[in-house]
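Enquirer: with the sequence up front, the predicted model follows.
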Amino acid sequence: MASPLGQSATLHDIAARHLHARHRLLQMLREVQASRSYVPEEAIQFFAHVLNLPIARVRGCVEFYSFLHTTPRGQFDVYFSDSVTDRMAGSQIVAKRLADRLGVTLGQPRADGRVTVSMTSCTGHCEQAPAGLVNGRVFTRMTEARIEKMASLIEHGVPASEWPAEWFHVDDGIRERGITLDTVIPPGEAIRAALARGLPATLDEVERSGLQGRGGAGFPVGRKWRGAFDTKGTHYITCNADEGEPGTFKDRVLLAKYADELFEGMTIAGLLVGAKKGYVYMRGEYEYMMEGLQTVLAERRAAGLLGENVCESGLDFDLRIHLGAGAYVCGEQSALLESLEGKRGIPRVRPPSAVKIGLFGQSTINNNVESFVQAAQIAWKGADWFSAHGEAKSRGTKLLSIAGDCQRPGIYELPLGTTVREVLARCGGENAKAVQVGGPAGTCVGRAEFDRRVSYADLSTGGSIMVFNDLRDMVDVARQFAHFFAHESCGFCTPCRVGTQMLKHYADKIADGQGTQRDLEQVSSIGEFVKAYSHCGLGETAPNTLLDTIKRFPEEYTSRLLAEADFVPEFDLDASVTESRALTGRHDQLDQIHSD
Ligand code: SF4
């Protein structure tokens, strides 16, 4: 990760700059990782001491996040995005080419400490794939020719800041604009409109608009704000800018181009409920936008739109940006709050909801980037303007990030209720045989269902649309998603911790042509179990693509099954959960299961 500190930052400097605040532990650890390529034991002990935390808690934090390491990485730390659509664009080929050229094993630092080449979950640039990160800087459209040059630059120790600028160019990717992308709010105007209308009346307006949470779950935004408004005590506003769902990259564009609208929406929510502080939780992969966002925040403070006496309202509200460190589960609301408090991102037990007991135990409004942007626009332009779009039970428009087998991948803003067929026509994906709506946690539909609608009443999505043509192997797609969930399970609850490992095992067995009908049945029964008994949304959705593809593309599974006589009835469950044990540090009794 890039560091403003360089090698010279001491642990004392880092802790002092973060005011020795425990909840900023993750930010401190990120800076150590950035400047030293790992978090040494000395740093773990130091932060435990100065923050008065148990050493196990600090170490647990380091071990939990993918971008933190307890052993040195390379001077150049290269990650390639491993989303399905990045793979389709050749990410694994270019990653292997770079590893071969540099003489490294994927994921292992080279003996001389010069370089590490790894795969990571989706980095959020699928329409410009193959994408990745080098020392925290995002590169896009990697080619084999560029890899040759990259290998040479690394061998010669040329800093990434001196590499060709075009490698780091990120397009906004906007293909179609609707009311959201066409509405640019002059800074402060939505706040002033809300104050002029009256804050309670603005809350009515947001409720009347029918705006639902744009992260995918669709909880009414106005109802959430009303719940916080009616709750006494201290309040916080948090924005989920984690955007970890593979295939989703529309918040990236909003953060880059519509930061004023985002901050305006958070400020209106803050003034409404009397919150004095808000936090944007932004995925670590988007660190390259930090400087631009900090500039916008500084301009807003200078203009009296943040800080004390916002817009002369007599109310105070300010914002900070907190960076994640590579943990998909932190997109889950309560895990995000844990991470914001500087802990491992383990989902909390609910109820109570975050509106009642959220960040630091106080009432919290947590919404997605797109939700805050649209709420600000509603405050400025009114509920009728917004609700005139979309359909009866899904008002407004939705930003979709489209990637995969289509001629025009990118960002499309379309009314909710648009059919999958229409989406495909817009992006040039008419040859699709399958569309994954909502990322790995969403729904996979085949041609027979292309008249289904993208809406909260039918196919809900946080924004990801992945397109697959006839040449794609849906069993392999499902296998990749099974690996993704097994890796991202936080390990807190047994059904997900063990179940995702079992699903990964069966997905491999079947995809490799070693499975039988009984294995397929096992996938269905384990999948239903994991969905029903997991603690949070990750486990509840982890089996979706396996179950969907078995149902919609049965011939792709049955054609590669072995005859029942070749059935291998046993596998070593203990061995299969070794990875998740190492990841989570859990060794409880429920883990000690053996199949026979
Ligand atoms: S369902 Fe999975 S991710 Fe969620 S708490 Fe359980 S183990 Fe963690």
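Expert: Looks like it came in fine. Numbering: from 1, shown residues only.
Enquirer: ok, Ile93 - how many residues close by?
Expert: 15 (other Cβ atoms under 10 Å). Using the backbone N, CA and C atoms, a C-beta is placed for each residue, glycine as well.
Enquirer: the ligand contacts on this protein?
Expert: Counting by Cβ under 6 Å from any ligand atom, the residues of the chain close to the ligand are 329, 347, 489-493, 496-497, 534-536, 538-539.
Enquirer: can you tell me what sits against stretch 539-555?
Expert: Residues from elsewhere that reach stretch 539-555, judged by Cβ atoms under 8 Å, 6 or more residues apart in numbering: 434, 436, 440-446, 449, 474-475, 477-478, 481-482, 485, 489, 493, 495-496, 499-500, 503, 507, 520, 523-524, 526-528, 530-531, 533-534, 556-557.
Enquirer: if I look at the residue nearest to the spatial centre of the chain, how far off is the ligand?
Expert: What sits nearest the mean C-alpha location of the chain, by Cα atoms, centre = their mean, is Gly244, with 1.1 Å. To the ligand, Gly244 is 12 Å away according to Cβ to the nearest ligand atom, to the nearest Å.
Enquirer: next, Gln436: secondary structure please.
Expert: Following DSSP: H, G, I helix; E, B strand; the rest coil, Gln436 is assigned to strand.
Enquirer: is it true that it touches Ile465?
Expert: Yes. With contacts counted by Cβ atoms under 8 Å, Gln436 reaches Ile465, the gap being 7.4 Å.
Enquirer: list residues touching both of the two?
Expert: Shared contacts of Gln436 and Ile465 (Cβ under 8 Å, 6+ apart): Gly247.
Enquirer: sorry, back to before: as JSON lines, the residues of the chain next to the ligand with neighbour count and secondary structure would be great.
Expert: Below are those laid out as JSON lines (neighbours: other Cβ atoms under 10 Å; DSSP: H, G, I helix; E, B strand; the rest coil):
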{"residue": "Val329", "neighbour count": "27", "secondary structure": "helix"}
{"residue": "Pro347", "neighbour count": "24", "secondary structure": "coil"}
{"residue": "Ser489", "neighbour count": "29", "secondary structure": "coil"}
{"residue": "Cys490", "neighbour count": "27", "secondary structure": "coil"}
{"residue": "Gly491", "neighbour count": "22", "secondary structure": "coil"}
{"residue": "Phe492", "neighbour count": "22", "secondary structure": "coil"}
{"residue": "Cys493", "neighbour count": "21", "secondary structure": "coil"}
{"residue": "Cys496", "neighbour count": "29", "secondary structure": "helix"}
{"residue": "Arg497", "neighbour count": "26", "secondary structure": "helix"}
{"residue": "Ser534", "neighbour count": "24", "secondary structure": "coil"}
{"residue": "His535", "neighbour count": "20", "secondary structure": "coil"}
{"residue": "Cys536", "neighbour count": "22", "secondary structure": "coil"}
{"residue": "Leu538", "neighbour count": "25", "secondary structure": "helix"}
{"residue": "Gly539", "neighbour count": "27", "secondary structure": "helix"}
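Enquirer: got the residue ranges for the strands in the stretch 201-350 of the chain?
Expert: Under the criterion DSSP state E, counting those that start in this stretch, the stretch 201-350 of the chain carries strands at the ranges 235-241, 277-282, 318-323.
Enquirer: got the angle between the second one and strand 235-241?
Expert: In other words, strand 277-282. 10 degrees (axes from the mean of the first three to the mean of the last three Cα atoms, to 10 degrees).
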